[in-house]
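**Q** requesting a structural model of the entry that follows:
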Amino acid sequence: MSESYYRYHVFFCTNQRDDGRPCCQNHDALAIRNYAKEKVKALGLARRRQVRINTAGCLNRCAQGPAIVVYPEGTWYTYTSRKDIDEIITEHLMNGHPVERLRI
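**A** Reported below is the predicted structural model:
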């Protein structure tokens, strides 16, 4: 089995549904994803294959709030603010400790 290219690969659901069902973009998911990407870059985590922030289509967890998934562990999170994203970056992506209160 090969080693993961990135230490952490983070996918943000930015799906927008047109039929009125819950979706992540209703929570400004793309702006939050952009915030996370800039924060990771500013912290120097985007270099040396450390952390990659990506946009994803529907991750099929929209009913549980805006969703992100962190690989290689496959840890699923929801969030309500930039403060939650800051906590995920600091605790999980920098220190390797999942943020239990935000897990789906």
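**Q** all strands for the chain, in order.
**A** Applying DSSP state E to the chain gives strands spanning 8-13, 51-56, 67-71, 75-78.
**Q** want to throw the ones you listed into a markdown table with distance to Arg21 and mean pLDDT?
**A** Backbone N, C-alpha and C define where each C-beta goes, glycine included. Shown next, in a markdown table, are the strands of the chain (distance: least, Cβ to Cβ, whole Å; pLDDT from 0 to 100):
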| stretch | distance to Arg21 | mean pLDDT |
| --- | --- | --- |
| strand 8-13 | 13 | 96 |
| strand 51-56 | 17 | 96 |
| strand 67-71 | 14 | 97 |
| strand 75-78 | 16 | 97 |
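**Q** show me the contacts for Asn54.
**A** Counting by Cβ atoms under 8 Å, 6 or more residues apart in numbering, Asn54 makes contact with 9-12.
**Q** could you rerun that using 6 Å?
**A** Neighbouring residues of Asn54 by Cβ atoms under 6 Å, 6 or more residues apart in numbering: Phe11.
**Q** identify the bridge partners of it.
**A** With DSSP bridges as the criterion, Asn54 is bridged to Phe11.
**Q** I'm done for today, thanks for sticking with me.
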